[in-house]
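S.K.: dropping the sequence and predicted coords here.
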Amino acid sequence: MRIVALEEHFNVPSIVAGIDQAAVRRRGFPGPEVAWAQTIKRAELADMGDARLADMDANGITTQVLSVAGPGADLVPGPEGITLARAYNDALAASCAPQPVRFRGFAHLPLHSPEAAADELERCVKDLGFHGCLINGATDGRFLDDPIYEPILARSEALQVPIYLHPGLPTEAVRSAYFDGLPGNFSFTMAQSAWGWHADTAIHTLRLVLSGALDRHPGLQLIIGHMGEAIPFMMDRIDETTTAGAKAHLNRSVRQTLVDQVWITTSGFFTMVPFMAAMMTFGADRIMFSVDYPFASNARGRAFLDSLPVSPADRLKIAHGNADKLLRLPV
Ligand code: ZN
């Protein structure tokens, strides 16, 4: 079975080392006192060769669509951020070139310079053969519905490539109000993988719907991970409470916009309860397999894919068919 995974990460230690550590700390990345995935998995993130391929082979994963994890160009304003994003994208293209079936790419964008970010996306799609971009949460407290990001939305739509809305660390004000003051590492864990990341990404997605941004760009497609970032569970409630507002301000109901323009992946979510909610809201035509390697295990993801209580046709859509269609992957 051909298996494509879309939320798979890498980074380049020499590029990370060039980013101002004070900016990294201000963004909420922890210091050495907190052990967390991006430091624990440093070697796996940096490896774009034998170890990564061996793990994919052992679990039958045909293709990883790769994106940057960790500190990036959203921490670096001005021309330096543009240069840094280009360096990441060129490094990824160089890693993909010898293995075009195994590795494909999502662009990393210099979000402090939205017009340059749109140009970089176009360069990545047209010159490097990438399939869209991946964005980590808000930049300086602004989500993609902010008018300054209009060039990125418009260019993605024009190029017919999706934007992967990936979790980012919540802003300082949110972290302190919602998560500070808990014992041990709980403040950090709650701000990221236990809750904050996922709420943040769901809000990011809903802001793009409620602001009218997706109505203005009906061809734009979004991808969100983690089995839909809790939106499947909340779908009925969101739709009911926004019905009147949607009639006044939007072209479609919130539910309709979500199922028209959002795709979800299984990254890091390998249990049946959230999958059933995803199937009953988005359906098999909108769910795509992903692992979130190296933060989640290829073996666990593959075992989950094999265990899904779906028809053979739906399993193939989830394993590769939907991704092939959305990303126009060479098959
Ligand atoms: Zn991820």
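M.R.: Perfect, thanks for sending it. All figures in this text were calculated on a predicted structure; none of them were measured in a lab. Residues are numbered from 1 along each chain as shown.
S.K.: ok, now which ones touch the closest residue to the ion within the stretch 151-300 of the chain?
M.R.: Nearest residue of the stretch 151-300 of the chain to the ion: residue 292, at 4.4 Å (C-beta to the ion). For the C-beta atoms, the positions are set from N, CA and C on the backbone; glycine is no exception. Residues near residue 292 by C-beta atoms under 8 Å, 6 or more residues apart in numbering: 7, 8, 9, 225, 226, 267, 268.
S.K.: could you do residue 277 as well?
M.R.: If you count contacts by C-beta under 8 Å, 6+ apart, residue 277 has them with 227, 228, 232, 233.
S.K.: element containing it?
M.R.: Following DSSP states H and E, one finds residue 277 within helix 272-281.
S.K.: so how far is the helix or strand that that helix is followed by off the chain centroid?
M.R.: Tracing the chain past helix 272-281, the next element assigned as helix or strand by DSSP H and E is strand 287-288. The chain centre lies 13 Å from the centre of strand 287-288; the measure is C-alpha atoms, centre = their mean, to the nearest Å.
S.K.: can you tell if the helix or strand following strand 287-288 touches the ion?
M.R.: Counting by DSSP H and E, the next helix or strand C-terminal to strand 287-288 is helix 298-307. No - residues of helix 298-307 contacting the ion under C-beta under 5 Å from the ion: none, with a closest distance of 12.3 Å.
S.K.: which residues sit against helix 298-307?
M.R.: 3, 5, 55-56, 58-61, 266, 270-271, 289-291, 315, 318-319.
S.K.: coming back round to it: can you put the contacts of residue 292 in JSON lines and add secondary structure and pLDDT?
M.R.: Formatted as JSON lines, those follow (DSSP: H, G, I helix; E, B strand; the rest coil; pLDDT from 0 to 100):
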{"residue": "7", "secondary structure": "strand", "pLDDT": "98"}
{"residue": "8", "secondary structure": "strand", "pLDDT": "98"}
{"residue": "9", "secondary structure": "strand", "pLDDT": "97"}
{"residue": "225", "secondary structure": "coil", "pLDDT": "98"}
{"residue": "226", "secondary structure": "helix", "pLDDT": "98"}
{"residue": "267", "secondary structure": "coil", "pLDDT": "98"}
{"residue": "268", "secondary structure": "coil", "pLDDT": "97"}
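S.K.: so which of those residues also contact the ion?
M.R.: Filtering the contacts of residue 292 for proximity to the ion by C-beta under 5 Å from the ion leaves residue 7.
S.K.: pipe the contacts of residue 292 into JSON lines and attach neighbour count per row.
M.R.: Formatted as JSON lines, the contacts of residue 292 follow (neighbours: other C-beta atoms under 10 Å):
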{"residue": "7", "neighbour count": "29"}
{"residue": "8", "neighbour count": "27"}
{"residue": "9", "neighbour count": "24"}
{"residue": "225", "neighbour count": "27"}
{"residue": "226", "neighbour count": "25"}
{"residue": "267", "neighbour count": "29"}
{"residue": "268", "neighbour count": "21"}
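S.K.: which one of the contacts of residue 292 is nearest residue 190?
M.R.: For the contacts of residue 292, the closest approach to residue 190 (C-beta to C-beta) belongs to residue 226, at 15.4 Å.
S.K.: that'll do, ta.
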